[in-house]
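**Q** coords please:
(2 chains)
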Amino acid sequence: MKFAEAIRAAIDAELSADQSVVVLGEEVGALGGVFTVTKGLVDKYGEDRVLDSPISEGALAGFAAGAATAGMRPIVEIMFSDFVMLAMDQLVNFAAKIHYMSNGQFSVPLVVRLPGGAGTNHGPQHSQALESWFAQTPGLIVAMPSTPSDAYWMLREAVRLDDPVMFFENKNLYFRLAEEIDPAEGPRGLRAAVRRPGDDVTIVSAGRMVGASLEAADLLAEAGFSIEVVDMRYLWPLDYGTVAASVRKTSKLAVVYEAVEYGGWGSEIASWAARDLFTDLDGPIHRIGTHRVPIPVGVPLEEAIVPTPATIFESVLELAKY
Amino acid sequence: MEPTALDELAELYRSMLLIRSVELAIEKSHRAGKIAGSFHSSLGQESCAAGVCANLRRSDVVTSTHRGHGHALAKGVSAEAVLAELFKKTHGTSGGRGASMHLHDRSVGFFGETAIVAGGVPWAAGAAWAFKRQGRDDIAVSFGGDGAFANGVFTETLRLARFWSAPCLFVCENNGWAHSMPVERLFGPPGSIAAQVAAMGLRAEVVDGKDVRAVSEISKELVEYTRSGRPAFLECVVYRVRAHSINDADYRYRPKTDGTDWLSANDPLAAARRLVEQHHPGRAAGIDEEVAGLVALALQSAEAGQSPHPRTAFETVYATKGLEWNGHLEVR
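**A** As a prediction, the model looks like this:
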């Protein structure tokens, strides 16, 4: 099952299991979403449960959050994560805070699916990695799967959580990976995963950058270095424990993330590790994030600013040799 | 007039008087330095909150604005809980963490205020739609000001509500001012906002908000219409007597006596009281006494209440069990 199919299967399973689950978004019905993620769901569940929305992200997000406070479990698709700016007020000022502002009277079991990231040459308003913004917002959970299995189980878990979940799907992954979903695996419990064990350097990553980091780790293995790759899966809450255990083993840390490097979530991991794991570290912490420029169109320009296996290899090799 | 109608009139007057009295108590306490932060008075607009909410069930819900104390009280939130919240005490509507612009009382269907202009509008529509999906015939009422109508999410939500048939009544309290912007300058004369909404295909009505009976009558009709599964809109023409907020220097954009002059000639509360007296002499005095006593006790209780412990600032960030405010999954 490919990444996009895994997400569809997760939505299908939740729609089937719980009448309060509904899907809302632009083109999610007859068209099945611009990335085909919701393909066929409207035929199976009807227009009452898979709702095509007008192009009104702000009202859509607020409407879904409002429905969530009244007992529904909406899954909202924002066609490209870049368009979430139009819904920021409703997500950040309302959905994320109403539980707190009301002293616990309201909860917002809402999932916002956000296809994002570079790698498909969609240009500066269709390719950003905005997860760090949301990881900064108290009240939100930020999920970022890297494999079809994770996408499936993390989405099913997200639907059942009582807090708003910003679910970042890298559109570059949709059709590139395929694996069987093991029904015995189950939800991830908001935990990180060690994707590849190693002894020399820990790479902490998430989403599409996990694959890029694994490719870099293969190259580094050829150069004689053993790299451990940690997939955070969630950018909030942060499973610091898994990072700490890994860094204590390898003594070196690189963070690889597709968000803008400056002020990104990887900077937070680096900062925390610099303080709490200071005596465990045998080298400087490397941050490998996207350069702080708009995402350009075209392969050579895009690859010049977004981390690639080659740039990760280069940076981590330097760290490994430190 | 029928006896029930008289009871309704007395109830409308009581509701308006309660709003007026609580807000005057807040002003007084604020000026005395007992309440910090902002406060947006609805003085002179009580008729809209009272007239609309008189037609709602307890299980119907209301979402409100930064100027929402009146909506809260009219929907049945106690004066004690409102005042305690303004004093940021633990027995306030939100445990003292919401304060003036974040009153919430789910137990009476007051889903709450939001400080973002037009922010509560899609909330109401979504909740209303949820009730319909759940097979309940409850509705939601979204209160917003004229300023909110300038915000895109308001217009977007009206369209969405129509498209998805959300049983939501959108009430636009046109009080003449969007902060310092005169409404006429932005939208034209009263009724212009309703005309825009009607053009979007929703049933839209205009009512003189000074007349609480007129507000109640048209609201009754619109609530029934909404309950049948369609959204509707009401432009309630009122007037903002006070400044935008208690800290606002409104004399920079309007004459100093503007609000008070309007009130002395047009006070909807005085008009409602005259009506009660006209139909049932002596009855208003009893209501006056009852409300004064109730508000005095509420004020006393609010002043005497407990302030929340600082550690509670870290609580209720997440609803998910076991998920702490700082999100650390393991103790380091």
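**Q** Find me the pLDDT at residue 246, would you?
**A** Went with chain A since none was named. What the model reports for residue A:246 is a pLDDT of 98.
**Q** um, chain B though
**A** For residue B:246, the predicted pLDDT is 93.
**Q** now swap in residue B:330 and tell me
**A** 47.
**Q** what does residue A:298 give?
**A** pLDDT at residue A:298 comes out at 88.
**Q** For it, give me its contacts.
**A** residue A:121 (C-beta atoms under 8 Å, 6 or more residues apart in numbering or on different chains). (Each C-beta comes from the backbone N, C-alpha and C, glycine too.)
**Q** Pretty sure residue A:33 sits against residue A:24.
**A** No. Counting by C-beta atoms under 8 Å, residue A:24 is not a contact partner of residue A:33; they are 11.6 Å apart.
**Q** Compare neighbour counts for these two and give me the winner.
**A** Taking neighbours as other C-beta atoms under 10 Å in any protein chain shown, residue A:33 and residue A:24 compare with residue A:24 leading, 25 against 22.
**Q** returning to that earlier point: quickly list what's touching both of residue A:33 and residue A:24.
**A** Contacts common to residue A:33 and residue A:24, judged by C-beta under 8 Å, 6+ apart, are residue A:77.
**Q** need the helices for chain A, in chain order.
**A** A:3-17, A:41-45, A:57-69, A:88, A:98-101, A:131-135, A:148-160, A:208-222, A:240-250, A:265-276, A:299-305, A:309-320 (DSSP state H).
**Q** Nearest to chain B, out of those helices?
**A** Of all the helices of chain A, helix A:57-69 sits nearest to chain B, with 2.6 Å by C-beta to the nearest C-beta.
**Q** For the helix-or-strand element of chain B with minimal mean pLDDT, list every residue counted as buried.
**A** Least confident helix or strand, chain B: helix B:3-31 with a mean of 91, by mean pLDDT, DSSP states H and E. Neighbour counts over helix B:3-31 (16 or more other C-beta atoms under 10 Å in any protein chain shown) mark B:8-10, B:12-23, B:25-27, B:29-30 as buried.
**Q** Ok, stretch B:285-303 next?
**A** So for stretch B:285-303, counting by 16+ other C-beta under 10 Å, buried means B:287, B:291, B:294, B:295, B:298, B:299, B:301, B:302.
**Q** Over to stretch A:55-75?
**A** Those would be A:56-70, A:72-75, for stretch A:55-75 by 16+ other C-beta under 10 Å.
**Q** Is it positioned near chain B?
**A** Yes. Against chain B, stretch A:55-75 shows contacts by C-beta under 8 Å from any C-beta of the partner chain at A:56, A:58-72.
**Q** for stretch B:104-111, the distance to its chain's centre please.
**A** 12 Å (C-alpha atoms, centre = their mean, to the nearest Å).
**Q** buried ones in it?
**A** B:104, B:105, B:108, B:109, B:110, B:111.
**Q** and residue 82, how many neighbours?
**A** Answering for chain A, as no chain was given. 21.
**Q** The intended chain is chain B.
**A** 30.
**Q** what's the answer for residue B:227, then?
**A** 16.
**Q** ok, it touching residue B:137?
**A** Yes. The pair residue B:227 / residue B:137 is scored as a contact, 5.7 Å apart, by C-beta under 8 Å.
**Q** Please list the residues of the stretch 51-200 of chain B that sit near chain A.
**A** Going by C-beta under 8 Å from any C-beta, the residues of the stretch 51-200 of chain B near chain A are B:61, B:63, B:94-95, B:97-98, B:102, B:104-106, B:111-112, B:114-116, B:119, B:121-127, B:129-131, B:133-134, B:152-153, B:156-157, B:159-160, B:163-164, B:166.
**Q** Give me the pLDDT for residue A:77.
**A** pLDDT at residue A:77 comes out at 98.
**Q** Just the buried residues of stretch B:104-111: which are in strands?
**A** B:110, B:111 (DSSP state E).
**Q** Is whichever residue of the stretch 151-300 of chain B sits closest to chain A part of a helix or strand, or is it coil?
**A** With C-beta to the nearest C-beta, the shortest gap between the stretch 151-300 of chain B and chain A falls at residue B:156, namely 3.5 Å. What DSSP: H, G, I helix; E, B strand; the rest coil gives for residue B:156 is helix.
**Q** Now do it against residue A:89, distance only.
**A** From residue B:156 across to residue A:89, the span is 12 Å (C-beta to C-beta, to the nearest Å).
**Q** Residue B:305 now?
**A** With C-beta to C-beta as the criterion, residue B:305 and residue A:89 are 32 Å apart.
**Q** can you give me how far stretch A:29-38 is from the chain middle?
**A** The answer for stretch A:29-38 is 20 Å, by C-alpha atoms, centre = their mean.
**Q** now do stretch A:63-73
**A** 23 Å.
**Q** okay, now residue A:318: neighbour count?
**A** Residues near residue A:318, counting by other C-beta under 10 Å: 13.
**Q** one step back: which neighbours do residue B:227 and residue B:137 share?
**A** residue B:167.
**Q** still on that earlier bit, just the buried residues of stretch B:104-111 now: which is nearest chain A?
**A** Taking these together and measuring to chain A by C-beta to the nearest C-beta, the closest member is residue B:104, at 3.8 Å.
**Q** Tell me which residues touch the closest one, please.
**A** A:101, A:102, A:103, A:105, A:106, B:93, B:94, B:98, B:110, B:111, B:112, B:113.
**Q** again with residue B:102
**A** A:101, A:102, B:94, B:112, B:113, B:114, B:115.
**Q** Hmm, residue B:112 and the second one touching each other?
**A** Yes. Residue A:102 is in contact with residue B:112 according to C-beta under 8 Å; the separation is 6.1 Å.
**Q** May I have the secondary structure class of residue B:204?
**A** Secondary structure, three-state DSSP: residue B:204 is strand.
**Q** How many residues are close by it?
**A** The burial count for residue B:204: 22, using other C-beta under 10 Å.
**Q** how about it, what does it touch?
**A** Per C-beta under 8 Å, 6+ apart, neighbours of residue B:204: B:194, B:195, B:197, B:198, B:232, B:233, B:234, B:235.
**Q** Drop anything exposed from those.
**A** Buried, going by 16+ other C-beta under 10 Å: B:194, B:197, B:198, B:232, B:233, B:234, B:235, out of the contacts of residue B:204.
**Q** Sort out for me which of those residues are in helices.
**A** B:194, B:197, B:198.
**Q** Which pLDDT value belongs to the second one?
**A** Read that as residue B:197. 98.
**Q** Would you mind confirming that it is in contact with residue B:233?
**A** Yes. Applying C-beta under 8 Å as the test, residue B:197 and residue B:233 come out as touching, 4.4 Å apart.
**Q** Quick one: check the longest strand along chain A for contact with chain B.
**A** Assignment by DSSP E gives strand A:253-260 as the longest strand of chain A. No. Contact of strand A:253-260 with chain B (C-beta under 8 Å from any C-beta) is absent, the minimum separation being 15.3 Å.
**Q** Thanks a lot, catch you later.
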